[in-house]
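Undergrad: Here's my sequence, what's the structure:
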Amino acid sequence: MPVRTVVQHGPKDKKVAAFAIDWPGWSRGAKTPDAAVETLEAYRDRYRPVAILAGLAAEFDKAGDLEIVEDHIGTGSTDFWGISFAASSFENGPMDPDELDRKLALLEAAWRFFDETGARVSAAMQKGPRGGGRDREEIIAHVLRNEQGDFARRVGVPEPAEVMVDPAAVREHRAAFLAGIRERNVPGAMAGRSWTIPFLVRHTAFHALDHAWEMEDKDLP
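TA: The predicted structure follows:
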């Protein structure tokens, strides 16, 4: 089966995001559609550990070429970040039970990959040309802050007073997040004004993986 791929442009076409609909988190951005799709393909092997953690390695290994099934305009944030911030036409309705279970398994695998990456990389991260950039603990806090605040709040999970980093607290909050997603996976339900439930799952997985790969790339010996 080909990998159903969506190309999403910013309104000014300054940057483009390409993502695999059926593999939450497998998403990359670039300045042109061709470059975005090329980069997405280049990350196939980097995404494979997530499929393994979700118990979907065999399915992933059988996946064929990227097949663009939609090419459309997203939000202005895509022009700035090269990230998808809008649902595709394939992500508007509720997911059937099998699709929901499969995609939540991949979201949990993305979280596990992020946590395991954070546990094995160096505390100090490689800096940019001008000495900028976050260290490991700052990256981890950033991801958890968004999960516990903006993302989970969209499905009714209360935002904690401060970022929870204790593993037990993180697991408990993520369990509530998953329960909230399941409760709102019904016709007409939205996670926000423009955030559908399928999009929320995909974007949450992407955010965790994007920063896990960042930590891998900036890891110091």
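
Undergrad: Show me what the mean pLDDT comes to for the longest helix seen in the chain.
TA: When every helix of the chain is counted residue by residue (DSSP state H), the longest turns out to be helix 97-120. Model confidence over helix 97-120 averages 98 on the pLDDT scale.

Undergrad: Stretch 143-154 too?
TA: For stretch 143-154, the mean confidence score works out to 96.

Undergrad: What helices and strands are in contact with the helix or strand encompassing residue 211?
TA: Taking DSSP states H and E as the definition, one finds residue 211 inside helix 197-218. Here helix 197-218 touches strand 27-30, helix 44-53, helix 97-120, helix 136-146, helix 167-183, going by 3 or more Cβ pairs under 8 Å, 6 or more residues apart in numbering; DSSP states H and E. Yep, even glycine has a C-beta here, placed from its N, CA and C like the rest.

Undergrad: now, of these, which is deepest in the fold?
TA: Neighbour counts (mean count of other Cβ atoms under 10 Å) averaged over each of these peak at strand 27-30, with a mean of 23.

Undergrad: Which residues outside that strand are in contact with it?
TA: In this structure, residues lying in contact with strand 27-30 by Cβ atoms under 8 Å, 6 or more residues apart in numbering are 15-20, 36, 38-40, 42-43, 78, 81-84, 202, 206, 210.

Undergrad: pretty sure residue 39 is touching residue 18, no?
TA: Yes: in this structure, residue 39 sits in contact with residue 18. The criterion is Cβ atoms under 8 Å, and the distance is 7.4 Å.

Undergrad: that older thread, could I get the helices and strands packed on helix 197-218 in a markdown table, plus columns for distance to residue 8?
TA: A markdown table is the format used below for these (distance: least, Cβ to Cβ, whole Å):
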| stretch | distance to residue 8 |
| --- | --- |
| strand 27-30 | 9 |
| helix 44-53 | 18 |
| helix 97-120 | 18 |
| helix 136-146 | 20 |
| helix 167-183 | 22 |
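
Undergrad: Show me the one of the ones you listed that comes nearest residue 220.
TA: Proximity of the helices and strands packed on helix 197-218 to residue 220 was assessed by Cβ to Cβ; the nearest stretch is helix 136-146, lying at 9.8 Å.

Undergrad: element containing residue 157, please.
TA: With secondary structure defined by DSSP H and E, residue 157 is part of neither a helix nor a strand.

Undergrad: show me what contacts it?
TA: Residue 157 sits in contact with 148, 173, 176-177, 180, where contact means Cβ under 8 Å, 6+ apart.

Undergrad: Which single one of these is nearest to residue 155?
TA: Compare each of the contacts of residue 157 with residue 155 using Cβ to Cβ and the shortest gap goes to residue 180, at 3.2 Å.
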